[in-house]
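K.L.:
3D, please:
(one chain, ligands or ions: 2)
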Amino acid sequence: MPTLRSATANSPPAATPSPAAASTPRSVKRRLTPGRAGETPGASRHTSPHRSPHAGAGTVCSPKLLSASPKSSRKRLYGDLVAAEKPKWNPRDPAQIRAVKEALHVATVPSCELVCRDHEQRRVFEFCKGCVEQEKAGSLYICGCPGTGKTLSVNKVKESLMSWADEMGMETPDSLAINCTNLSNTSEIFSKILGQFQNRKKGSNKLSPLQQLQNMFSNKESAPRRMMLVIVDEMDYLITRDRAVLHDLFMLTTFPYSRCILIGIANAIDLADRFLPKLESLNCKPLVVTFRAYSKDQISDIIKHRLKVLEYDVFEPLALEFCARKVAAATGDMRKALGVCRSAVEVLEARLQDSDQELGIVTFDHMDIALSKAFKSAVVDSILCLPQHQQMVLCALANTFQHCKKKATTLGELNKSYIGICRSTQVPAVGMLEFSNMCMVLSDQGFMKLGQSKEDKLRRVTLQIDISDIGFAFKGNRFFQKCLEQPRC
Ligand SMILES: Nc1ncnc2c1ncn2[C@@H]1O[C@H](COP(=O)(O)OP(=O)(O)OP(=O)(O)O)[C@@H](O)[C@H]1O
Ligand SMILES: [Mg+2]
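P.N.:
Ligands and ions are numbered 1, 2, ... in the order given. Sure, this is the predicted structure:
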């Protein structure tokens, strides 16, 4: 990961809370030799992503080192090992439990460099760095399954980019992060981008925000001087709803005086096949960086790395390995792995409440219970991974078959039930053609069965999964609870 520690080479990484917080003082900056200006920050002292941030601290000796030592030194090392032994974890101490859960919480951003995403972050960083150096607009598309560290990595790259530009004495780019799920409509993305640029220049109100941006980037006089890093997260929302918006967005980087460094992040792996030919013909094919699902070893490394902030061992190594193996085999989703580990800690907590055992550690058995809870049903997991409208179709199906006690319905009837749900939840419904396509996708995935008929609306629909899995998947989710309260018989 291109973290900026070239000017602070001797300070321990653990003492660097975040690149932003650890910005290098100007006096240190001036000492940089001119030859470093073109280097990737930290390249000269790049460390492997698997290297511990505490490596070299020497508190614990590896077993390999012990067995390789002659007897006398082995004794000495063993003595050191005993002396440096970690304090025992006390799961009855609320402060310690809190610290463990925080370390495993998805919202906790690791303070030092990220492990296991070094290569991907480097590619994103090099792309942004090239744009800033050449003052040239450009676009990049990041895709990968949920929980593979896309958002986290891009945020870290952003911090590094700002620190690097600052350290090189360059003008740091402005930045704007947009999460598309928060947009009230897809074209709102252009007003957000325009709003950020308009801090300096006011556009004509008669034109749409997109047109104003296009004008702004077409003329030298109106073009903004400063580069802007625009991070568009959850871009799937733009892809499914309106492809024109997606094309217009990427096209913004092709205008002669554009200043946009556009990074789009989405789950859709097949965007490359579906949209890149079109973007290529529009001369705005983005660079694509794919985040692959985490492997067992990566999941294990990440968890261990996150737990390094604690002074004590919380998990039996076998328990962690078990979790990593299971999650990697299922989805490779880091969020899931962290959730399972937290849940295993809760299993231990619950066990301790029923016993007078003093201390404890999360064992294989605790993890086994947490894993079986998390992977109770692969169907539930698949439901939770579906796009929102397909989930709403499943609710419509559940309502039809549960409340109305029907065994089969038609696509037309199901559409009515879906529209009823959309109305009550104030979500704009998709048209019949798109609805029918969604049902075909759900049928291909084995959630429902679609019969044949000349007329689409008359196609017979039956449910292919256990109805209780739908209820279970949406348990505790207020929005979907409302969807499931819509009987339409
Ligand atoms: N390399 C990593 N090191 C430490 N934690 C990680 C790493 N990768 C992922 N995580 C953890 O997993 C969580 C999910 O990561 P992130 O939000 O970046 O995934 P994502 O790929 O953007 O997922 P989605 O597609 O659902 O938005 C993060 O909040 C973080 O806690
Ligand atoms: Mg994300």
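K.L.:
Stretch 174-185 near ligand 1 anywhere?
P.N.:
No. For stretch 174-185, no contact with ligand 1 is found by CB under 6 Å from any ligand atom; the gap never falls below 9.1 Å. To be clear about C-beta, it is placed using only N, CA and C from the backbone, and glycine gets the same treatment.
K.L.:
Using CSV, write down the CA coordinates of that stretch.
P.N.:
Backbone C-alpha positions of stretch 174-185 (Å, rounded to 0.1, in the frame of the first residue of the first chain) are rendered in CSV as follows:
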residue,chain,number,x,y,z
ASP,A,174,-10.4,18.5,-4.1
SER,A,175,-12.4,15.4,-3.3
LEU,A,176,-16.0,14.4,-3.3
ALA,A,177,-17.5,11.0,-2.1
ILE,A,178,-21.0,10.1,-3.2
ASN,A,179,-22.8,7.0,-2.1
CYS,A,180,-25.4,6.4,-4.8
THR,A,181,-27.9,4.8,-2.4
ASN,A,182,-28.3,8.2,-0.8
LEU,A,183,-29.4,9.9,-4.1
SER,A,184,-33.0,10.6,-4.5
ASN,A,185,-32.7,10.1,-8.2
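K.L.:
which residues touch the residue of the chain found nearest ligand 1?
P.N.:
Closest contact between the chain and ligand 1, by CB to the nearest ligand atom, is at G149 (2.9 Å). G149 sits next to 114, 116-117, 120, 291, 294, 334 when contact means CB atoms under 8 Å, 6 or more residues apart in numbering.
K.L.:
just G130 next, same as before
P.N.:
Contact analysis of G130 by CB under 8 Å, 6+ apart lists 136, 138.
K.L.:
and Q211, how many neighbours?
P.N.:
14 (other CB atoms under 10 Å).
K.L.:
Quick check: which element contains it?
P.N.:
helix 209-216 (DSSP states H and E).
K.L.:
what's that helix packed up against?
P.N.:
helix 188-197 (3 or more CB pairs under 8 Å, 6 or more residues apart in numbering; DSSP states H and E).
K.L.:
which parts of the helix it packs on are buried?
P.N.:
Across helix 188-197, burial judged by 16 or more other CB atoms under 10 Å covers 189-194, 196-197.
K.L.:
Now that helix - C-alpha only, PDB.
P.N.:
Taking Å, rounded to 0.1, in the frame of the first residue of the first chain, the C-alpha atoms of helix 188-197 are listed here in PDB:
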ATOM      1  CA  GLU A 188     -28.800  14.100  -8.700                       C
ATOM      2  CA  ILE A 189     -25.200  12.900  -9.000                       C
ATOM      3  CA  PHE A 190     -24.500  15.700 -11.500                       C
ATOM      4  CA  SER A 191     -25.800  18.400  -9.100                       C
ATOM      5  CA  LYS A 192     -23.600  17.000  -6.400                       C
ATOM      6  CA  ILE A 193     -20.600  17.200  -8.600                       C
ATOM      7  CA  LEU A 194     -21.500  20.600  -9.900                       C
ATOM      8  CA  GLY A 195     -22.100  21.800  -6.300                       C
ATOM      9  CA  GLN A 196     -18.600  20.900  -5.400                       C
ATOM     10  CA  PHE A 197     -17.000  22.600  -8.400                       C
END
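K.L.:
Is the longest helix seen in the chain positioned near ligand 1?
P.N.:
Taking DSSP state H as the criterion, the chain has its longest helix at helix 334-353. Yes. For helix 334-353, a contact with ligand 1 is found by CB under 6 Å from any ligand atom, at 334-335.
K.L.:
what's whatever helix or strand comes next after that helix packed up against?
P.N.:
Counting by DSSP H and E, the next helix or strand C-terminal to helix 334-353 is helix 364-374. Identification of packing neighbours for helix 364-374 by 3+ CB pairs under 8 Å, 6+ apart yields helix 317-330, helix 334-353.
K.L.:
For the stretch 301-450 of the chain, list the residues in contact with ligand 1, please.
P.N.:
302, 306, 334-335.
K.L.:
Looking at the buried residues of helix 188-197, which is nearest V100?
P.N.:
Nearest to V100, judged by CB to CB, of the buried residues of helix 188-197 is K192 at 38.1 Å.
K.L.:
give the contact list for that closest one.
P.N.:
Contact partners of K192, counting by CB under 8 Å, 6+ apart, are 176, 178, 183.
K.L.:
So which of those are in helices?
P.N.:
Within these, no residue falls in helices by DSSP H.
K.L.:
ok, of those residues, which come out buried?
P.N.:
Buried residues within the contacts of K192, counting neighbours by 16+ other CB under 10 Å: 176, 178, 183.
K.L.:
so what's the second one up against?
P.N.:
Residues in contact with I178, defined by CB under 8 Å, 6+ apart, are 189, 192-193, 230-233.
K.L.:
before we move on, what about R335?
P.N.:
106, 146-147.
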